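Peer 1: Got a predicted model here, sequence first, then my questions.
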Amino acid sequence: MEFVEVREGLARILIPKANRIYDAPVFYNPVMRFNRDISTLAVRILGVKSVVDALSATGVRGIRYALETQVEEVWLNDINEDAFRLIVENVKRNIEIEPELTGRVAKFQGAKRITVTNDDANRVMANNFRHFEFVDLDPFGSPMEFLDTALRSVRRRGVLAITATDTGVLCGAYKHACRRKYLAEPIRRELCHEAGLRILIGAVVKYAAKYDLGVDVLLAYYRDHYFRAFLRLKSGAKKADDTLKRLGYVWQEKNGRFEYNDDFLPRRPGAHGPLWLGPLKNQAFVETLLSAVESVPLGDPRKTPKFLRTLAEELDVPFHYDTHALARRNNFQVGKLTGVIKELRDRGHRATRTHFSPTALKTDAPFEDVLDALRDLR
């Protein structure tokens, strides 16, 4: 196997040389540098001491946790033997300590305790019951097959960081798969990405409730080909019950009007969900991420600060209006997004851009006012 070295944040790692990233025997995706930037910032800000990256591939995420944050214990795991050997080599390159090897386990004892395992992710998490303050699930595809053991592995007031790359499933292109995996009815067209993210969070909420755990969303977003959520767990049956009350359903009419309610069961045909209708961010957490971003090493210094600024400024209400889709649905000529936002603000409403689409806005204005603003700007 031929390797090349890449740098990301403070990490220097070897990755297999391949014409396409999906052809490599061990997967490294440069597009996800941005994802790993925010994750490393989150671990740093939360001040956690123990982290597991259950599906590590090259090990870059866990190595960045060890190098760029205050964590004292990092576990990296991959079921692929080539990945295991590469992770061990990459850890050695970055901390310059020889490991203690016992079968499919490598332990590095230095300023940070780093354990590398070659095992099934579910078995690793199941064998570390309530051990980790921060559990990171970043699989290829759906995280659902790992969710139960992840919730048992994280401490009861810990944080679960979860990625889903099966956007086609969550966005309704494969609705039967969404029903099977997430027990939810997806929605198509312009609301699909926000609804997909909310279906993912809703699935975690339902799984967590089985263990008398509630959920607070620190940050959840859609980017490129994936969804990502940082979820703080809250212990207690009452907390779980209160969190379940934030689940509900959304409907959308042909003219683009949407409605939602927070009933656990749908009240009318055509409902999409159940999905999360609570906040997608903790404003103080996002602002702390943004304030820290200029003073830390980044894998993607061009995109990460800009995206965090968008998230910090975005109005946090359920669902958004895509101005192009609304104009098409109602036979309007589309106006500039900045003009529509200004018109809504002039009418006394809150309105901002949204990260879900460059042509969409979030607002607390009634649907009729949004249409009127579009009409006035024709």
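Peer 2: Structure's in. What do you need? Residues are numbered from 1 along each chain as shown.
Peer 1: what helices or strands is the helix or strand that contains Tyr249 leaning on?
Peer 2: If you go by DSSP states H and E, Tyr249 is part of strand 247-252. Judged by 3 or more C-beta pairs under 8 Å, 6 or more residues apart in numbering; DSSP states H and E, strand 247-252 is in contact with helix 192-209, strand 258-261, strand 272-276. For every residue, glycine as well, the C-beta is placed using N, CA and C.
Peer 1: Give me the angle between the longest one and strand 247-252.
Peer 2: With axes from the mean of the first three to the mean of the last three C-alpha atoms, to 10 degrees as the basis, helix 192-209 and strand 247-252 are set at 160 degrees to each other.
Peer 1: Now do helix 192-209 against strand 272-276, angle only.
Peer 2: 60 degrees.
Peer 1: right, and the helix or strand after helix 192-209?
Peer 2: Using DSSP H and E, the helix or strand that follows helix 192-209 in sequence is strand 213-223.
Peer 1: list the buried ones in the next helix or strand after that following strand?
Peer 2: Where DSSP H and E defines the elements, the next helix or strand beyond strand 213-223 is strand 226-235. Using 16 or more other C-beta atoms under 10 Å as the test for burial, strand 226-235 gives 226-234.
Peer 1: would you list those residues in a markdown table and tack on pLDDT and distance to Arg156?
Peer 2: A markdown table is the format used below for those (pLDDT from 0 to 100; distance: C-beta to C-beta, whole Å):
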| residue | pLDDT | distance to Arg156 |
| --- | --- | --- |
| Tyr226 | 97 | 27 |
| Phe227 | 98 | 24 |
| Arg228 | 98 | 23 |
| Ala229 | 98 | 18 |
| Phe230 | 98 | 17 |
| Leu231 | 98 | 13 |
| Arg232 | 98 | 11 |
| Leu233 | 98 | 6 |
| Lys234 | 97 | 8 |
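Peer 1: Show me which pair in these is furthest apart.
Peer 2: Maximum pairwise distance among those (C-beta to C-beta): 25.5 Å, between Tyr226 and Lys234.
Peer 1: in the stretch 51-200 of the chain, which spans are strands?
Peer 2: 73-77, 100-102, 105-109, 113-117, 132-137, 154-164 (DSSP state E, counting those that start in this stretch).
Peer 1: what's the closest of the ones you listed to Val217?
Peer 2: Between Val217 and the strands of the stretch 51-200 of the chain, the tightest spacing by C-beta to C-beta is seen for strand 154-164, at 10.8 Å.
Peer 1: List the neighbouring strands of that closest one plus their orientation.
Peer 2: According to DSSP bridges, strand 154-164 forms sheet pairs with strand 132-137 (parallel), strand 226-235 (antiparallel).
Peer 1: got those as a markdown table, with distance to Lys112 columns?
Peer 2: Below are the strands paired with strand 154-164 laid out as a markdown table (distance: least, C-beta to C-beta, whole Å):
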| stretch | distance to Lys112 |
| --- | --- |
| strand 132-137 | 14 |
| strand 226-235 | 22 |
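Peer 1: which one of the ones you listed lies closest to Asn29?
Peer 2: Asn29 lies closest to strand 226-235 among the strands paired with strand 154-164, at 9.7 Å (C-beta to C-beta).
Peer 1: quick one: pLDDT of Arg378?
Peer 2: According to the prediction, Arg378 has pLDDT 67.
Peer 1: oh sorry, the question was meant for Gly335
Peer 2: Model confidence at Gly335 (pLDDT) stands at 82.
Peer 1: Next up, the contacts around the residue nearest to it when sequence neighbours are not counted.
Peer 2: Distances taken as C-beta to C-beta, 6 or more residues apart in numbering place Leu377 nearest to Gly335, at 3.1 Å, with adjacent residues excluded. By C-beta atoms under 8 Å, 6 or more residues apart in numbering, the residues touching Leu377 are 335-336, 339-340, 343.
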